[in-house]
Structures are given as C-alpha cells and as structure tokens.
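Student: need a structure here:
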Amino acid sequence: MSRRQCLSTLGQAAAALTAGPLLVGGAGAQRPPNVVLILSDDQGSTDLGCYGATNLHTPNLDGLAGDGLRFTQFYVNAPVCIPSRSALMTGRHFVRSLSSDGMSGDEVTIAEMLKGAGYRTGCFGKWHLGHPESMEPLAQGFDEFLGFKVGAMDNYSHFFYYGGPNRHVLRRNLEPYREDGVYFPDIVAREAERFIDDNQASPFFLYLPLNQPHYPLQPEARFLDRYQGVADVARRYQMASLTSMDEHIGRVLRRLDDRGLRQDTIVLFLSDHGHSREERTFGGGGRSTPFTGHKGTLREGGIRVPCLLSAPGRVPSSQVRDQAVTSLDLLPTIAHMTGAALPSRELDGASLAGILASAGAPSPHGQLHWVYDNSWAVLEGNWKILGDVSDDSLALYNLAQDPAERHNVASSNKEIATYLIGRHNEWIRSIKKEASSKAFVSP
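Tutor: Below you'll find the predicted structure:
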C-alpha cells in the first residue's frame, strides 16, 4: 500500500487504576517475573478454538486460555501492521509514536522499560517497525534479534518477493544471516528455546512477533493434510497455518515448563489486527464471526483481536474479561506486574491491574478513538460510530445488540450520533498539532 498521512491520535487515557499491586514475584521471590509477549500476524478475531472456531486445532493457545484470562473485547490501535505494532510497543497512539519511516527512534519501548529494570531482552520474528539504525531492535532495547524488518518473507528462501526488489532479508542483530531452506517458524521457536535456556538466572523479556498466519501461507504438509476435508482452499491454508503457529508456540511454553520457569513467567498472546483478504491469502480464509470487517478496516473484524494473558499465581485462571481494553494498555500493565518504572512521557494506555484481578472492574477507558486512512471511529459503552471523511458517511451501531455492525441506527439515535461526533471533533482538536507532521507507511 502507499504512504498515507495520519490524521489524528488518541487523547489522554484514563488514569491508571488504583487497585493494589499484583504479586510481582510470588511468595518469597527475589526477582520479578519473566515476560513472554507473543504477537500473531493477520489473525481473525475469533480464529482460535477457545474463541469458538470450529474444527480448528489450537491446543496450546486454548490451554493458555485455561491457565489465565481470555479477553473478549480487546482492541488494537490500528488495522494494519506498522501502526499497530508501534502502539503495542510504546503504550502510545501510533500518531504519537510513528515517524515517516517507522517507530520514532526516541520512543521508549517495553524492551527499554524492562531492560532498565534489569531484564535480558530478545526479539525473534517479524520486526516491521522501521529500517534506519535508530529504529532497529538493538536500538530499541533488545539485546538480541533474529528475524526480518519488512512486512513479509518467504519462509524457506528468506527472500522478500513482494513489490521488489527481491532480496534476502533475514538478519541476526545487524548482520545478514543465512539458513537457506530452514522453515522460519522453526528458526524462531529454536531461538526462543535457546534464549530461555541462556537466561534462566535472570529475568527476561522475550518478544515473539510471529509471521503466521500472514502471507505467504506456507504451512507444513502435515497440517494441510489434517484439514484435507476443508473444501475452501483459503480456509484450509488459514487453518493449517494457525495450527502450525500453535505448535511452535507450544514449543516455547514447554521449554518454560521444562526449565521450571512457567510459574515465574507472564505470557501474553494477541494478534496485531484482523485477518487479511488480500489476493496473496486467496481472498481471505480467516474468520471473525460474529463480527464483520478485516485487516485495513475499522469494523470490529479489523481491530478486535484475540488476547490471552497467563501468569500463574498472579492472575486468575480459566476466566473471561469482557471489558473494552486495548493493546495500548499492555505496557503500563507489564510495568505494574513487574515493578518496572513507567517511561517519563504521556501514555495513552492504562494499567489493567483492576481488571486482571476482577471481572467486575470497569474499563479504564471512557472512550476509545481510531483513525485509519479516511476512516475514523469512536467507541463509548455499547455505542460505536464509524465515519468516512471521503464521503462524509456515518454509521452508528449498538454493539451489544448488533456486534456484526449490520444495522445503522444513526437516524433513530440522532442525539447519540451527534454526541459522539462532538467527542471525535474535540479529540481531533486536542491532538491536531501533534498529529499533523506524522505519517506512516502501511504494509
């Protein structure tokens, strides 16, 4: 996609919850917990067994949900890769945290925050947050990196073939790295296992931005065979890719168990946005039922994603959280759970400490705001308004009654629509100066 000019940014988030701190090390522990953050790529809103996907084999992630919390209204900050990842890593709306080349070099990431608290940090997978040295993983708080920085890569040749020029893009730290013919998800799982082994004596932050189920869809033959009865080719490849991803995640979780580290580790899983319907995905085999929309849209299927959080002894197990929360909240939540000092800058996310402890705690957000391309959206309670500045169209939905966003009720709820438009305009005015100079390149 082409370069687009950002229009706006998220306003000041609600103050962090005042709930008492969660346990940060367990009884008698002398060190803070490890943190493993796993990010899937282009995954449908409900494309996991634990989210109701039928005949989809994802036992490791389903088990993670059983060990912790499953969020049902978890949003990302943008429906495409780069801005979503920037917001996740910084706790700041992407307009605050992006420059024209990627994530701004002066941003403070989760890795930098935890490194300042004595953590060892490693990133293995798809970075996709910029190419200049100031935006490299090693410049953004990571001690180690193995992966690629562009939006997609062939899993076997490790070449970028999309839009040219075709080039080898696999890197270890700052240098080109060759393992020709080795399946990239296997490389990521192996490096994660090694990183865990090498850092058992100190707290660590392991960031795994996976490249599944993003195109190219290259699941192993045995997973395609598992779904040979699925007639829809796009769906078959999507399901096989998700099961492959789940197996590789299972390797990481088993290594934590084998080394006796699981009880002292926070594990987070989420997707960067909704499923793709691009030509390279055979038109889209992902699922977001009951939601509509997909990658690149501000409908629920584009920005509402699966999210799991497991931390034995620190959060309840086998529970669901229905509050509206966002990826912006993960940095302050990790800070709260580890005891790390928050970055000394304005954050748009808030600690979810209260929600982690209680299903009855309120969301820290009175409203959530999005902007992408010509579209904008505001969510307050059950009401969501979608606007498009290219044609001045508006649609109002009550998500409690219409989660699929099929029935525009703006004409019969004019006061609510007018109120939300006013809130959006106030938000635009509050951040227009900061947003005006920032652009991003969509994947």
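Student: can we go C-alpha only for contacts and neighbour counts from here?
Tutor: Noted.
Student: quick one: contacts for the closest residue to R178 other than its chain neighbours?
Tutor: Nearest residue to R178, sequence neighbours excluded (CA to CA, 6 or more residues apart in numbering): L170, at 7.0 Å. Contacts for L170 (CA atoms under 8 Å, 6 or more residues apart in numbering) come out as L146, G147, F148, H158, F159, P176, Y177, R178.
Student: For burial, what's the neighbour tally of R254?
Tutor: Counted with other CA atoms under 10 Å, residues neighbouring R254 total 15.
Student: picking up where we left off before, any of the contacts of L170 buried? List them.
Tutor: Neighbour-count burial (16 or more other CA atoms under 10 Å) applied to those gives L146, G147, F148, H158, F159, Y177.
Student: Can you verify my assumption that M153 contacts R171?
Tutor: No. Counting by CA atoms under 8 Å, M153 does not reach R171; the two are 11.8 Å apart.
Student: more neighbours, those two?
Tutor: More neighbours surround M153 than the other of M153 and R171, with 25 against 17 (other CA under 10 Å).
Student: which ones among the buried ones among the contacts of L170 are found in helices?
Tutor: Using DSSP state H, no member of these sits in helices.
Student: pLDDT score for S100?
Tutor: S100 is assigned a pLDDT of 70 by the prediction.
Student: Tell me how many other residues crowd it.
Tutor: 16.
Student: Just read off the phi/psi values of it.
Tutor: With angles defined as degrees, to the nearest 10, S100 sits at phi -70, psi -20.
Student: now the one 3 residues further on
Tutor: The phi and psi values for M103, taken as degrees, to the nearest 10, are phi -70, psi 130.
Student: Can you tell me, leaving aside adjacent residues, what's nearest to S375?
Tutor: Nearest to S375 is D388, by CA to CA, 6+ apart, at 4.4 Å.
Student: Equivalent analysis for Q263, please.
Tutor: Counting by CA to CA, 6+ apart, the residue nearest Q263 is P312, at 5.4 Å.
Student: which ones are touching that neighbour?
Tutor: The contact partners of P312, taken as CA under 8 Å, 6+ apart, are D67, G68, R262, Q263, D264, T265, I266.
Student: Look up how far L331 lies from it.
Tutor: Applying CA to CA, to the nearest Å, the value for P312 to L331 is 19 Å.
Student: now swap in L129 and tell me
Tutor: Computed as CA to CA, the L129 to L331 distance reads 17 Å.
Student: How about I110?
Tutor: Distance of I110 to L331, given as CA to CA: 6 Å.
Student: And the furthest pair within the buried ones among the contacts of L170?
Tutor: Distance extremes for those: the farthest pair is L146 and F159 at 14.6 Å, using CA to CA.
Student: hmm, back to that, of the buried ones among the contacts of L170, just say which sits nearest to F184.
Tutor: The closest of those, once distances to F184 are taken by CA to CA, is H158, at 7.7 Å.
Student: Who are the contact partners of that closest one?
Tutor: Applying CA under 8 Å, 6+ apart, the residues contacting H158 are H168, V169, L170, D180, F184.
Student: how about a cut-off of 6 Å?
Tutor: Counting by CA atoms under 6 Å, 6 or more residues apart in numbering, H158 touches H168, L170.
Student: The protein: helices as residue ranges?
Tutor: 59-67, 81-90, 94-97, 110-115, 184-198, 221-226, 233-258, 300-303, 330-338, 353-357, 414-435.
Student: Those helices: which one's closest to F282?
Tutor: So among these, helix 233-258 is nearest, using CA to CA, at 5.3 Å.
Student: That closest one vs helix 59-67, what angle?
Tutor: Counting by axes from the mean of the first three to the mean of the last three CA atoms, to 10 degrees, helix 233-258 lies at 60 degrees to helix 59-67.
Student: Give me the angle between helix 233-258 and helix 184-198.
Tutor: Orientation of helix 233-258 against helix 184-198 (the same axes, to 10 degrees) gives an angle of 10 degrees.
Student: Now helix 233-258: buried residues?
Tutor: Buried residues in helix 233-258, counted by 16+ other CA under 10 Å: 233-253, 255-256.
Student: I'd like to know how far K126 sits from I38.
Tutor: 11 Å.
Student: next one: R287
Tutor: From R287 across to I38, the span is 20 Å (CA to CA).
Student: okay, the two: which has more neighbours?
Tutor: A side-by-side neighbour count of R287 and I38, using other CA under 10 Å, places R287 first with 24 against 19.
Student: didn't the more buried one look like it was pressed against G44?
Tutor: Yes. Assessed by CA atoms under 6 Å, R287 is found in contact with G44 at 4.9 Å.
Student: okay, the residue nearest the centre of the chain: pLDDT?
Tutor: Residue closest to the mean C-alpha point of the chain, counted by CA atoms, centre = their mean, is D272 at 3.5 Å. For D272, the model assigns a pLDDT of 98.
Student: who are the neighbours in contact with it?
Tutor: Residues near D272 by CA under 6 Å, 6+ apart: D41.
Student: Could you rerun that using 8 Å?
Tutor: Residues near D272 by CA under 8 Å, 6+ apart: L39, S40, D41, D42, Q43, V76, P79, V80, C81, S84, R85, V305.
Student: Next, count neighbours for the closest residue to the fourth one other than its chain neighbours.
Tutor: For D42, the nearest residue in space outside its immediate sequence neighbours is H275; the separation is 4.5 Å by CA to CA, 6+ apart. For H275, the number of neighbouring residues by other CA under 10 Å comes to 33.
Student: before we move on, what about V95?
Tutor: If we define neighbours as other CA under 10 Å, then V95 has 26 of them.
Student: ok, now how distant is it from S86?
Tutor: Distance of V95 to S86, given as CA to CA: 9 Å.
Student: Same check on F148?
Tutor: Relative to S86, F148 is positioned 16 Å away (CA to CA).
Student: now do F145
Tutor: For F145, the distance to S86 (CA to CA) stands at 17 Å.
Student: neighbour-wise, which of these two wins?
Tutor: When F145 and S86 are compared for neighbours, S86 comes out ahead with 28 against 22, by other CA under 10 Å.
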